[in-house]
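In: sequence and computational prediction follow.
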Amino acid sequence: MILERLSILDYKNIIQADLSFSSKLNCFLGNNGMGKTNLLDAIYYLSFCKSHNNLIDSQNIKHDADFALIQGYYLENEGKVDEFFCSLRRRQKKQFKYNKKEYEKFSDHIGRLPLVMISPSDSELITGGSEERRKFMDVVLSQFDKEYLQSLIRYNKALQQRNALLKSDIQADESLYELWEEQLAAEGQIIYTRRQRFIQEFIPTFQYYYSFICQSNEEVSLAYESQLSEGSLLGLLKQKRERDKILGYTTVGVHRDDLDMRLGEYSIKKVGSQGQNKTYIVAMKLAQFDFLQKSQQITPILLLDDIFDKLDSSRVEQIVKLVSGENFGQIFITDTNREHLDEILKGINSDHHLYEVKGGEISRL
Ligand SMILES: Nc1ncnc2c1ncn2[C@@H]1O[C@H](COP(=O)(O)OP(=O)(O)OP(=O)(O)O)[C@@H](O)[C@H]1O
């Protein structure tokens, strides 16, 4: 998957940009707050129909503008170029088009333009609550598994309905609980099985990348934790129903799943240094890349937003070695430091473009 051309109008601080990209490496250089992340975010938007930091859409439109446009031309397999177009308007539903035809549901688009982004906010995977780690699994799985995405949507709807009953002042009929619990159990089982299978396949690749980057004998592990491993969700929901009524929310289900992330035998959240945490995240994201590529037979686009901060030069060198290899396709990198980028470019023989980002304007160097 190659993004050949990108046009942006009034997306965050980018007033206007018309860019043609290298099919391998595109570097964006600029000081803090200049718009480098915003540019990557526009590319992210075309893959996920939403911003990476999940802002509400009106916040993605330039402050004094009425609408924002993002348009991308992608070279898919067999030399076919497809156009993807997105327009955001204040107080209106956004439009998303594929070759000029509007999507009925945004979920139909997810997975068409596979992409992995590594950004500073990923540190939340370690430091944040369990919802961050579930989101990680959901983003990976939903990109290639439509059934998973549909199950997740139905599960969340059923969960909302059960929670509404639990919170209601009027005592609901028990048969209504049964209805939503059966749906939660059916969809929850699908989600549980696929998350479990995914993590099992994911672990060896993740560990391989971690060791490759750190070049020492630091050991890392990752384990999927779910209440469903204790028994059927239907049984658990019934068992906890009275307690849930007191609390006013559903205390069992795949919406409570987590990942146990370890460095040696300890939780990485407690013992990891900044560089070790970063290495852990980068290894997870590269394994995500690998997994997507194998499942879809398409090489995803890779966005690296300021990822070299906090890493020692040997780890940076190893990451550059990895991503410049043949397994990886088109890459977009941002950095504040020209020397840093020059160092990266030195290790790369293939075609590359270097851009400067200044006050939301992007120019080729
Ligand atoms: N809707 C918007 N309208 C106008 N400007 C915006 C909007 N949203 C964000 N910005 C501006 O975009 C700038 C941030 O840009 P961005 O995050 O892309 O910076 P960056 O170049 O990646 O910086 P850093 O190196 O610090 O990560 C901020 O100055 C912010 O005020």
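Out: Ah, there it is. Numbers count the residues shown, from 1 in each chain.

In: neighbours around Ser314, how many?
Out: 11 (other Cβ atoms under 10 Å). From N, CA and C alone the C-beta is placed, and that goes for glycine too.

In: quick check, it in a helix?
Out: Yes: under DSSP: H, G, I helix; E, B strand; the rest coil, Ser314 falls within a helix.

In: identify the residues contacting it.
Out: Residues counted as contacts of Ser314 (Cβ atoms under 8 Å, 6 or more residues apart in numbering) are Gln215.

In: and if you look at the one 5 residues further on?
Out: Applying Cβ under 8 Å, 6+ apart, we find Ile319 in contact with 213, 282, 307-308, 311.

In: what stretches of this protein score poorly on pLDDT?
Out: Along the chain, segments meeting pLDDT under 70 span 54.

In: quick check, Tyr355 in a strand?
Out: Yes: applying three-state DSSP, one finds Tyr355 inside a strand.

In: in the sheet, who's paired with it?
Out: Counting by DSSP bridges, Tyr355 is bridged to Phe28, Arg364.

In: still on that earlier bit, quick one, which of the contacts of Ile319 are buried?
Out: 213, 282, 307-308, 311 (16 or more other Cβ atoms under 10 Å).

In: mind listing residues that contact the helix or strand Asp244 falls within?
Out: In the assignment (DSSP states H and E), Asp244 maps to helix 233-247. Residues external to helix 233-247 that are found in contact with it (Cβ under 8 Å, 6+ apart): 162, 166, 177, 181-182, 184-185, 188-189, 192, 227-228, 230, 250-254.

In: repeat that with 7 Å
Out: 166, 177, 181-182, 184-185, 188-189, 227, 250-253 (Cβ atoms under 7 Å, 6 or more residues apart in numbering).

In: of those, just the buried ones, PyMOL syntax please.
Out: Listed next is the PyMOL selection for buried residues among the contacts of helix 233-247, using 16+ other Cβ under 10 Å:
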select buried, resi 166+177+181+184+185+188+189+227+250+252+253
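
In: how about the contacts of helix 233-247, which pair is most distant?
Out: Leu166 and Gln189 (21.4 Å; Cβ to Cβ).

In: burial count for whatever residue of the stretch 251-365 of the chain ends up closest to the ligand?
Out: Nearest residue of the stretch 251-365 of the chain to the ligand (Cβ to the nearest ligand atom) works out as Thr336 at 5.0 Å. With neighbours defined by other Cβ under 10 Å, the count for Thr336 comes to 14.

In: what of the one 10 residues further on?
Out: Burial of Lys346, expressed as a neighbour count using other Cβ under 10 Å, amounts to 9.

In: just the residues contacting stretch 87-103, thanks.
Out: By Cβ under 7 Å, 6+ apart, stretch 87-103 touches 49, 57-58, 60-61, 66-69, 82-86, 106, 109.

In: which members of those residues are positioned in strands?
Out: Counting by DSSP state E, those place 67-69, 82-86 in strands.

In: what about the helices in this protein?
Out: Per DSSP state H, the chain carries helices over the ranges 36-48, 124-127, 130-144, 146-167, 174-214, 233-247, 268-271, 274-296, 313-323, 338-346.

In: could you dump these into JSON lines with distance to Ile8 added?
Out: Compiled in JSON lines, the helices of the chain are given as follows (distance: least, Cβ to Cβ, whole Å):
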{"stretch": "helix 36-48", "distance to Ile8": "5"}
{"stretch": "helix 124-127", "distance to Ile8": "26"}
{"stretch": "helix 130-144", "distance to Ile8": "23"}
{"stretch": "helix 146-167", "distance to Ile8": "27"}
{"stretch": "helix 174-214", "distance to Ile8": "32"}
{"stretch": "helix 233-247", "distance to Ile8": "44"}
{"stretch": "helix 268-271", "distance to Ile8": "37"}
{"stretch": "helix 274-296", "distance to Ile8": "24"}
{"stretch": "helix 313-323", "distance to Ile8": "24"}
{"stretch": "helix 338-346", "distance to Ile8": "22"}
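
In: so which of those is the most surrounded?
Out: helix 36-48 (a mean of 24; mean count of other Cβ atoms under 10 Å).

In: identify the residues contacting it?
Out: Residues outside helix 36-48 that contact it (Cβ under 7 Å, 6+ apart) are 3, 6, 8, 11-14, 28, 30, 51-52, 70, 72, 84, 86, 110, 113, 115, 117, 303, 305, 332, 334, 357, 362.

In: tell me the contacts of the nearest residue to Ile110 once chain neighbours are set aside?
Out: Counting by Cβ to Cβ, 6 or more residues apart in numbering, Ser142 is the residue found nearest to Ile110 once chain neighbours are left out, at 5.7 Å. The contact partners of Ser142, by Cβ under 7 Å, 6+ apart, come to 110, 148-149, 152.

In: what comes up buried for stretch 10-28?
Out: Buried residues in stretch 10-28, counted by 16+ other Cβ under 10 Å: 10-14, 17, 19, 21-28.

In: run through the residues of the stretch 251-365 of the chain sitting next to the ligand.
Out: Residues of the stretch 251-365 of the chain found near the ligand (Cβ under 6 Å from any ligand atom) are 306, 336, 357.

In: need phi/psi at Gly325.
Out: When read as degrees, to the nearest 10, the backbone of Gly325 gives phi -70, psi 180.

In: count the neighbours of it for me.
Out: For Gly325, the count of nearby residues is 8 (other Cβ under 10 Å).

In: could we number from 44 for the rest of this?
Out: All set: I'll call the first residue 44, so the last point we hit is now Gly368.
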